[in-house]
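Enquirer: turn this into a structure:
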Amino acid sequence: LTEAVLPEFADTLEQVLSTSSLQAPHTPFVSNVTGTWITAEQACSAQYWLDHIRQPVNFVSGVSALAERCDVLIEAGPGDTLQKLARQTLGDSVVALHSVSHARDLKAPL
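Expert: Numbering: from 1, shown residues only. Modelled structure (predicted):
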């Protein structure tokens with residue numbers, strides 16, 4: 001579904017890069033594409049970000065890489081789907097929490 005927007009995204013990305021430059025991140029993060037810690041070269045590559053749109057998320061490898069360095073994983077945003085998937089992947093080796101309840105779990109005041 002994303003193939004149709006790739007040329008426009010590539011053009012926009014090239015415009016941004018022509019007026020500024022990507023810099024390596026100061027805070028390490030796991031790439032959804034590779035499932036490993038992002039490298040400075042990947043983070044600064046226009047092609048990497050184009051690939052990021054098209055490639056499937058490598059969740060199991062990514063959450064496993066996080067668990068090697070973290071004792072607690074927190075899902076940011078509403079819902080608990082990623083928290084549940086992390087628990088299925090990692091078992092009890094880390095604590096997995098969610099930060100905002102899913103709408104189905106919110107109860108209206110009486």
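Enquirer: only C-alpha atoms for contact and neighbour calcs from this point on.
Expert: Fine.
Enquirer: so where do the helices sit in this protein?
Expert: Using DSSP state H, the helices of the chain run over residues 6-19, 40-43, 46-54, 59-69, 81-90.
Enquirer: mind putting those helices into JSON lines with mean neighbour count, distance to Asp105 and mean pLDDT?
Expert: Output for those, formatted as JSON lines (neighbours: other C-alpha atoms under 10 Å; distance: least, C-alpha to C-alpha, whole Å; pLDDT from 0 to 100):
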{"stretch": "helix 6-19", "mean neighbour count": "12", "distance to Asp105": "37", "mean pLDDT": "86"}
{"stretch": "helix 40-43", "mean neighbour count": "14", "distance to Asp105": "37", "mean pLDDT": "91"}
{"stretch": "helix 46-54", "mean neighbour count": "14", "distance to Asp105": "31", "mean pLDDT": "88"}
{"stretch": "helix 59-69", "mean neighbour count": "17", "distance to Asp105": "25", "mean pLDDT": "96"}
{"stretch": "helix 81-90", "mean neighbour count": "16", "distance to Asp105": "13", "mean pLDDT": "94"}
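Enquirer: nearest to Glu75, out of these?
Expert: Closest approach to Glu75 among these (C-alpha to C-alpha): helix 81-90, 6.0 Å.
Enquirer: quick one: that closest one to helix 59-69, angle?
Expert: Inter-element angle recorded for helix 81-90 and helix 59-69: 80 degrees (by axes from the mean of the first three to the mean of the last three C-alpha atoms, to 10 degrees).
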